[in-house]
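K.L.:
please work out how this folds:
(4 chains)
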Number of protein chains: 2
Amino acid sequence: MADREGCRGLGGPRPGGRSARVQASVHRAARALLARMDRAEVTIPLIAQEAGVTPSTIYRRWGELNELLADVAVERLRPDMVPVETGSGRGDLLAWAEQYAEEMSSGLGREMIRDVLAAEGADGPRRCCGYARQQIDLIAGRAEARGEAFPDIDKVLDRVIAPILFRILFDEALATEQVAGLVDCAFAAVERRAA
Amino acid sequence: MADREGCRGLGGPRPGGRSARVQASVHRAARALLARMDRAEVTIPLIAQEAGVTPSTIYRRWGELNELLADVAVERLRPDMVPVETGSGRGDLLAWAEQYAEEMSSGLGREMIRDVLAAEGADGPRRCCGYARQQIDLIAGRAEARGEAFPDIDKVLDRVIAPILFRILFDEALATEQVAGLVDCAFAAVERRAA
DNA sequence: CCTCCAAACGCAAAGAATTTGCTTTTAGCG
DNA sequence: CGCTAAAAGCAAATTCTTTGCGTTTGGAGG
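P.N.:
Numbers count the residues shown, from 1 in each chain, chains lettered A, B, ... in the order given. Below you'll find the predicted structure:
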């Protein structure tokens, strides 16, 4: 797990080499420090020390703390399991959305999203969106295979994911029960069409 | 406009005095620099110089650049006019949402939102959400006065505002035409109820 | 297998930003 | 008209960031 490939998106220049080792070490150090202390206390020199690396290496590679933390956050945000199967597309979506909402509402989840959004040039936000899309796509594919109607991915994004994240970022995170209403809304169109 | 009250939320300790003057000056300086150069080039010492103030004043008051920029952004994000009247609640909402989407999609809009979200302790996001709520509330009030059905504020937030901001932050900002679909969705519930 | 090359790293000095202790100014109050 | 405490200025100390240069390292071609 420690010596995985770089995950810098566009294929690390030299996968498997020292470069990859350094990146892994820095990521690990960043995660460790974030777990051990307040996010506001974490600095690049600190991470460098924890990773056994010179600060200038980090500065040259990531430019600033925020880019690095965003990079780390995107990696942590990548889904690591397939959505559970409940028997219906609607059930699958509801279960997945509830878990998603819960994970993102946590203090750590919130922090990671904000780190990803704050990064200047990176395409972190798009990648996170892509992760969600992937998962929903998978659920939709299963539903279709069963011959069920399932809403458009974009409808799900707008009506389920968007409200969940909006509330977390701008207001109060919504309770688990509220997610069901969003899923209903996403299904409203296809059900009326089917009827 | 330059010597308004502080807007630091909890009533500046000494409104009208030097404190307020300094705050206004710093805000003005920050806006000027943001207009003149790249956001990444702006630093606290620079703002301090532009404002004719020592850096330590800014550090003590705002702590870090991001807090200050968030403060400035929240102030700029505050709506400065009442939503246009089109004759119907639906038309009002559509017109307002289209303008909102356009403003927020601009480079400056995006930047301001991200500044607000990135600020640690501040309640900036909530205040921005409150601004939108206020505007919608106003539209809803007018609709109600005309005896029209109008969706819940929270429905509008979830089905119109949330998707608009979600797309801007995580993906591609949606085109003006797409906003109409969101408004339709927000009205779907009340119309079915009315029918 | 060996040699060469360029990318990435380490090191250290230079430059900027941030923090901090202390003094001075200033608005509000008795 | 002083008094007081909050806020600002100033400057030294600290910490972070940038940068130039020499060294290491992984990969490509001979």
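K.L.:
quick one, helices of chain A?
P.N.:
Under the criterion DSSP state H, chain A carries helices at the ranges A:18-36, A:44-51, A:55-62, A:65-77, A:89-105, A:107-118, A:124-145, A:153-156, A:162-170, A:176-194.
K.L.:
check contacts around the spatially most central residue of chain A.
P.N.:
Centroid-nearest residue in chain A: A:Leu77, 2.9 Å away (criterion: C-alpha atoms, centre = their mean). Shown in contact with A:Leu77 (C-beta atoms under 8 Å, 6 or more residues apart in numbering or on different chains): A:112-113, A:116, A:128, A:131. Any C-beta I mention is one placed from the backbone N, CA and C, and that applies to glycine too.
K.L.:
before we move on, back to that, right, so the helices of chain A: which one is the most enclosed?
P.N.:
Neighbour counts (mean count of other C-beta atoms under 10 Å in any protein chain shown) averaged over each of these peak at helix A:162-170, with a mean of 24.
K.L.:
report the angle between the axes of it and helix A:124-145?
P.N.:
Between helix A:162-170 and helix A:124-145, the angle comes out at 150 degrees (axes from the mean of the first three to the mean of the last three C-alpha atoms, to 10 degrees).
K.L.:
taking helix B:176-194 as reference, get the angle to helix A:162-170.
P.N.:
Direction vectors for helix A:162-170 and helix B:176-194, defined by the same axes, to 10 degrees, enclose an angle of 110 degrees.
K.L.:
can you list the domain ranges for chain A.
P.N.:
Domain ranges of chain A: A:18-63, A:77-194, per automatic domain parsing.
K.L.:
just give me how far the first one sits from the chain centre.
P.N.:
Between the mean C-alpha location of domain A:18-63 and the chain-wide mean there is a distance of 20 Å, by C-alpha atoms, centre = their mean, to the nearest Å.
K.L.:
quick one: end-to-end distance for it.
P.N.:
Between the opening and closing residues of domain A:18-63 lies a distance of 19 Å (C-alpha to C-alpha, to the nearest Å).
K.L.:
how about that domain and chain B, any contact?
P.N.:
Yes. Judged by C-beta under 8 Å from any C-beta of the partner chain, domain A:18-63 and chain B are in contact via A:Ala40.
K.L.:
pLDDT on that domain, on average?
P.N.:
Per-residue pLDDT values across domain A:18-63 average out to 97.
K.L.:
return the residues of chain A in contact with chain B.
P.N.:
By the rule C-beta under 8 Å from any C-beta, the part of chain A lying against chain B is A:40, A:114, A:117-118, A:120, A:125-126, A:128-129, A:157-159, A:161-163, A:165-167, A:169-171, A:182, A:185, A:188.
K.L.:
how about the helices of chain A in TSV, adding distance to DNA strand C?
P.N.:
Output for the helices of chain A, formatted as TSV (distance: least, C-beta to the nearest atom of the strand, whole Å):
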stretch	distance to DNA strand C
helix A:18-36	4
helix A:44-51	8
helix A:55-62	3
helix A:65-77	11
helix A:89-105	29
helix A:107-118	15
helix A:124-145	20
helix A:153-156	35
helix A:162-170	24
helix A:176-194	38
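K.L.:
mean pLDDT lowest where, among those helices?
P.N.:
In terms of mean pLDDT, the lowest-scoring of the helices of chain A is helix A:176-194 (a mean of 87).
K.L.:
other residues contacting it?
P.N.:
By C-beta under 8 Å, 6+ apart, the surrounding residues in contact with helix A:176-194 are A:90, A:93-94, A:97-98, A:101-102, A:149-151, A:155-156, A:159-160, A:163-164, B:158-159, B:185, B:188.
K.L.:
6 Å instead, please
P.N.:
Helix A:176-194 has contacts (C-beta atoms under 6 Å, 6 or more residues apart in numbering or on different chains) with A:90, A:93-94, A:97-98, A:101, A:149, A:151, A:155-156, A:159-160, A:163.
K.L.:
for those residues, which one is nearest DNA strand D?
P.N.:
Within the set of the contacts of helix A:176-194, A:Ala101 lies nearest DNA strand D; the separation is 33.4 Å, counting by C-beta to the nearest atom of the strand.
K.L.:
turn the helices of chain A into JSON lines, including distance to B:Ile139.
P.N.:
Rendered in JSON lines, the data for the helices of chain A read as follows (distance: least, C-beta to C-beta, whole Å):
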{"stretch": "helix A:18-36", "distance to B:Ile139": "42"}
{"stretch": "helix A:44-51", "distance to B:Ile139": "47"}
{"stretch": "helix A:55-62", "distance to B:Ile139": "45"}
{"stretch": "helix A:65-77", "distance to B:Ile139": "36"}
{"stretch": "helix A:89-105", "distance to B:Ile139": "28"}
{"stretch": "helix A:107-118", "distance to B:Ile139": "28"}
{"stretch": "helix A:124-145", "distance to B:Ile139": "30"}
{"stretch": "helix A:153-156", "distance to B:Ile139": "25"}
{"stretch": "helix A:162-170", "distance to B:Ile139": "19"}
{"stretch": "helix A:176-194", "distance to B:Ile139": "21"}
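K.L.:
count the neighbours of A:Thr54 for me.
P.N.:
For A:Thr54, the tally of surrounding residues (other C-beta atoms under 10 Å in any protein chain shown) stands at 12.
K.L.:
and it, how far is that from A:Arg167?
P.N.:
From A:Thr54 across to A:Arg167, the span is 42 Å (C-beta to C-beta, to the nearest Å).
K.L.:
check A:Leu69 too.
P.N.:
23 Å.
K.L.:
residues in chain A within reach of DNA strand D, list them.
P.N.:
A:14-19, A:21, A:43-46, A:55-56, A:59-60, A:63-65 (C-beta under 7 Å from any atom of the strand).
K.L.:
mind telling me which residue of chain A is nearest DNA strand D?
P.N.:
For chain A, C-beta to the nearest atom of the strand, closest residue to DNA strand D: A:Gly17, 2.7 Å.
K.L.:
how far away is that residue from A:Ala24?
P.N.:
From A:Gly17 across to A:Ala24, the span is 11 Å (C-beta to C-beta).
K.L.:
what touches both of these two?
P.N.:
Common neighbours of A:Gly17 and A:Ala24 (criterion: C-beta under 6 Å, 6+ apart): none identified.
K.L.:
great, nothing more from me.
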